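In: I would like to see how this sequence folds:
(one chain, ligands or ions: 1)
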Amino acid sequence: MNLPNRLTMIRFILAVPFIIFLQESDSTKYGLIFRLISLVIFVIASLTDFFDGYIARKYNLITDFGKIMDPLADKILVISALVIFVQLEYIPGWMSIIVLAREFLISGIRILAAAKGEIIAAGNLGKYKTTSQMIVVIITLVIGPVGFHISDYYFTIAEVLMLIPVVLTIWSGWEYTFKAKHYFTEQ
Ligand SMILES: O=P(O)(O)OC[C@H](O)CO
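Out: As a prediction, the model looks like this:
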């Protein structure tokens with residue numbers, strides 16, 4: 001287990017306190033403090049994503065474990081945030097469902113590839129997708145449920161900003177699927 005992979009594992013572990021504090025940010029008395037603690041945890045976890053990739057590339061520590069587990073750790077972290085954002089009514093449920101569906105699909109494609117002895121590493125578009133997800137999650141944790149009314153509907157700033165990662169999520173998902181289309185037809 002090299003340093004980049006340890007950082008990836010730390011990201012998995014950080015998801016647990018992150019979920020607990022964000023979940024509790026709904027409580028009236030300590031809500032803001034809990035949200036800020038979850039923000040700090042999320043920022044640290046996001047930095048491990050930056051540093052594990054950076055260190056792996058710089059010191060030639062790229063492993064199959066990292067190629068598979070690094071995207072998975074990102075997915076657990078981001079999806080944890082999105083699901084609780086739905087519960088807190090920061091974003092609508094369909095946004096989380098799109099991200100969840102895409103991440104399941106791409107993980108499925110990675111499993112299909114692995115069954116053939118091939119490893120699909122993260123592509124550039126996938127990296128931009130994850131970066132944009134993390135940035136919007138961080139902004140959301142800072143601003144909370146602020147928004148504006150259009151007619152009867154209350155739009156949060158979070159849901160407007162989340163449209164960017166949602167589009168990148170669909171776009172990058174399409175790119176992976178297109179490149180992997182032969183796995184769907186091969187026997
Ligand atoms: O789009 P994926 O599944 O390759 O994930 C990208 C990674 O999260 C980038 O670190």
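In: Point me to the helix or strand that includes Val40.
Out: Element membership for Val40 (DSSP states H and E) is helix 31-58.
In: buried sites along that helix?
Out: 34-35, 37-39, 41-42, 45-46, 48-49, 52-53, 56 (16 or more other Cβ atoms under 10 Å). C-betas here are computed from N, CA, C, even on glycine.
In: Show me what the helix or strand in which His182 is found is packed up against.
Out: Assigned by DSSP H and E, His182 belongs to helix 181-185. Applying 3 or more Cβ pairs under 8 Å, 6 or more residues apart in numbering; DSSP states H and E, we find helix 181-185 packed against helix 93-115.
In: Kindly provide the whole-number mean pLDDT of the helix it packs on.
Out: For helix 93-115, mean pLDDT rounds to 96.
In: buried set for that helix?
Out: Applying 16+ other Cβ under 10 Å to helix 93-115 flags 95-96, 98-100, 102-103, 106, 109-110, 112 as buried.
In: show me the contacts for Leu22.
Out: 34-35, 38, 80-81, 84, 88, 141 (Cβ atoms under 8 Å, 6 or more residues apart in numbering).
In: Now find how far off-centre the helix holding Val40 is within its chain.
Out: 12 Å (Cα atoms, centre = their mean, to the nearest Å).
In: Wait, Lys129 touches Val167, no?
Out: No - counting by Cβ atoms under 8 Å, Lys129 sits too far from Val167 to count as a contact (9.2 Å).
In: who has more neighbours, the two?
Out: Lys129 (29 against 13; other Cβ atoms under 10 Å).
In: Quickly find the element holding that one.
Out: Here Lys129 is assigned to helix 124-143, by DSSP H and E.
In: CA-only coordinates of the following helix or strand past that helix in CSV, if you can.
Out: Next helix or strand after helix 124-143 toward the C-terminus (DSSP H and E): strand 147-150. Provided in CSV are the C-alpha atoms of strand 147-150 (Å, rounded to 0.1, in the frame of the first residue of the first chain):
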residue,chain,number,x,y,z
GLY,A,147,-31.7,30.9,-3.1
PHE,A,148,-34.4,32.9,-4.9
HIS,A,149,-38.0,32.7,-5.9
ILE,A,150,-39.3,32.5,-9.4
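In: Which neighbours in the sheet does strand 147-150 have, and how are they oriented?
Out: strand 153-156 (antiparallel) (DSSP bridges).
In: what residues does the chain put near the ligand?
Out: 49, 70-71, 74, 106, 122, 126-127, 129-130, 172 (Cβ under 6 Å from any ligand atom).
In: Would you confirm that Phe65 belongs to a helix?
Out: Yes - the assignment for Phe65 (DSSP: H, G, I helix; E, B strand; the rest coil) places it in a helix.
In: count of residues packed around it?
Out: When neighbours are counted by other Cβ under 10 Å, Phe65 comes out with 15.
In: Give me the distance between it and Met9.
Out: Using Cβ to Cβ, to the nearest Å, Phe65 is found at 10 Å from Met9.
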